[in-house]
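Colleague: Following is a predicted model, sequence given first.
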Amino acid sequence: MFMSISTTGTAENPATDLGFLLHKHPGRVQRFSTAHGEAHVFYPEAGDEACTAALLLDVDPIALVRKGRGKGRAGSPDFALAQYVNDRPYAASSLLAVALRTVFRTAMKGVCEARPGLADQPRPLRISLPAVPVGGAAGEGAGVAMAVRLFEPLGWQVEASAIPLDEAFPEWGESRYVRLELSAPRARLADALQQLYVLLPALDGAKHYWVAPDEVDKLLVAGEGWLAAHPERALISRRYLSRRWTLTRRAMERLELARLAEADDREVEEVDNAVDDSAVDDSAEQAGHEEAGQEQAERRGPSLAEQRRTAILDALRETGATRVADLGCGQGELVAALLKDVRFTEVLGVDVSVRALSAAARRLRLDRMPERQASRVRLVQGALTYTDARLKGFDAAVLCEVIEHLDLPRLPALEYAVFGAARPPAVVVTTPNAGYNVRWESLPAGHLRHADHRFEWDRAEFRGWAERVAAAYGYTVDIRPVGPQDAEVGAPTQLALFRLADEADEADEAGKAGKAGRTGKAGRTDRDDKATEAADAPAEKTATMDTSTTPEGGETR
């Protein structure tokens, strides 16, 4: 198994700097022990103008069988002969990737203590791989096309040619092996080695060892800075992780988070902050706390969060929605409330935070949920500032305490993604009323209610925003208070119910038609008739029809 790395230089910047980068002296041959054989590093040429470092991996097939029994491409009992007659000593597969990490570990980290700053300087690179196995499943492609798909988006010029099964018998066709030459006018050696470490196993689509959960971390560390933006990141992750779907899904969630953070020029921790690290993660313990505090909660009445969810559910029922998308679902409190109402046949929870989605899955007990109930709910990762085809087709969308977590310059992107692109018939938005903050004794003056809030609007500001959005995207809007009303500053939360203008007109027409259907020949409605009957009834009978509330909260008729 062979690979070479070449570079060019000048007298001022000699090509032999490659030796400093690789931490391998050009003047001697060096040998390294690996788990499956001996690795040799030597320099076929070393001069100021050109320098080439070669890695030769001499695989021990017997050691490979003993250490990898039952694992990898040749580990199946149906292919016992393949344990001894195989391509592993000759083709650049996951064995070479492991050797790269063993022999060039420091170079892969981009560290060069002997020449500080040298590792950060891009230089001309050419990488030669005489035989690379490329296996493709149905629909993934194979051979030269696969190599181009994986390396070309990273800026490499790819020269790939398929190796025939037997040159003496061209009619037999091509083998699964490709002769690969990669060249780049300017590239960092550390980046090149990290990309090879990931893409060589991805090309092969198989590994010589069992893929454990820690392979996700290895993939993300090696792919830092390039994999999240790669157009084939899903294909790479799937093949690198040997098509273990649970691990692939975990890797894709974290890659998507990294991509979104980079797009917003923020740190991943800033984006994935929907879950407080101090929060209880164990669902059983959390359920115990909730049960213990139920009696106390009943005494003090519903919390503001509960009142908010109730107001949202009332608004959704008013629209007649059955398919609802909870945008920015957090830890799934509203999703859980929606699932308790059978009228909501499909519920989608969307959040950018992987940790929040994991907490929501635990809260909902998705792993133990009955199949019929589980078919009603989906939790997906996504950023609300980007258009997403998955959000289309729902009857209603909810933004519960979401907009205040966005920087104001990013808010128009959310407006378009929700009201313009997804365009559900109804949208429910809740946000804090900044004017009510003076009533929170524990909140210092001038502070926001949450450390992650970018802004908080008073009633006039929220109404102005809601009316502008409604006018821009063809909606009507109804502003409602949520929580205890204060005569001076209003309620602590404000809710806006947006409805598409056409939908609102149809609802009004339906209401008028229903009212007309209840009208008699003289134009009198049912309500008019009841009012007349009440007026003509004896006083004692009228009294029995009234409803009043006693001080104790009960009703008397």
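Modeller: Yes, it's here.

Colleague: avg pLDDT for stretch 438-448?
Modeller: Stretch 438-448 shows a mean pLDDT of 80.

Colleague: For it, measure first residue to last.
Modeller: Using CA to CA, to the nearest Å, the span of stretch 438-448 from its first residue to its last is 11 Å.

Colleague: which residues sit against that stretch?
Modeller: Contact with stretch 438-448 is made by E404, N437, R449, F455, E456, D486, V489, P492, as judged by CB atoms under 8 Å, 6 or more residues apart in numbering. C-beta coordinates here come from the backbone N, C-alpha and C atoms, glycine included.

Colleague: In CSV, list the C-alpha atoms belonging to stretch 105-116.
Modeller: This file holds the C-alpha atoms of stretch 105-116, laid out as CSV (Å, rounded to 0.1, in the frame of the first residue of the first chain):
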residue,chain,number,x,y,z
ARG,A,105,-0.2,12.6,13.9
THR,A,106,1.6,15.9,14.6
ALA,A,107,1.5,17.0,11.0
MET,A,108,-2.3,16.4,10.9
LYS,A,109,-2.7,18.8,13.9
GLY,A,110,-0.9,21.6,12.0
VAL,A,111,2.0,21.8,14.5
CYS,A,112,5.6,22.6,13.6
GLU,A,113,7.5,23.8,16.6
ALA,A,114,10.8,23.8,14.7
ARG,A,115,9.5,26.4,12.2
PRO,A,116,6.6,28.4,13.8
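
Colleague: just to revisit the earlier point, so can I have TSV of the contacts of stretch 438-448 showing distance to Y416 and neighbour count?
Modeller: Converted to TSV, the contacts of stretch 438-448 look like this (distance: CB to CB, whole Å; neighbours: other CB atoms under 10 Å):
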residue	distance to Y416	neighbour count
E404	18	20
N437	30	19
R449	27	15
F455	19	16
E456	23	19
D486	34	15
V489	32	16
P492	29	22
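
Colleague: quick one: which of those residues is nearest to G205?
Modeller: Distances from G205 to those, taken as CB to CB, are shortest for E404 (45.8 Å).

Colleague: which sections of the protein are below the confidence cut-off?
Modeller: Along the chain, the model assigns pLDDT under 70 to residues 62-86, 88, 136-142, 208, 257-300, 503-557.

Colleague: Strand partners (parallel or antiparallel) of the strand of greatest length in the chain?
Modeller: Longest strand in the chain, counting residues (DSSP state E): strand 174-187. Here strand 174-187 is paired, per DSSP bridges, with strand 123-133 (antiparallel), strand 157-164 (antiparallel).

Colleague: Name the residues that touch it?
Modeller: With contact meaning CB under 8 Å, 6+ apart, strand 174-187 is reached by 87, 91, 122-135, 142-144, 147, 151, 155-165, 192.

Colleague: so who does the closest residue to D166 other than its chain neighbours touch?
Modeller: Using CB to CB, 6 or more residues apart in numbering and skipping the chain neighbours, the partner closest in space to D166 is W172 (5.6 Å). Each residue near W172 by CB under 8 Å, 6+ apart is listed here: P164, L165, D166.

Colleague: Helix, strand or coil: sort out the last one for me.
Modeller: Per DSSP: H, G, I helix; E, B strand; the rest coil, the local secondary structure of D166 is coil.

Colleague: Angles on the backbone of it, please.
Modeller: Note on D166: backbone dihedrals following degrees, to the nearest 10 are phi -150, psi 120.

Colleague: Ok, the second one next?
Modeller: Here the main-chain torsion angles of L165 (degrees, to the nearest 10) amount to phi -60, psi -40.
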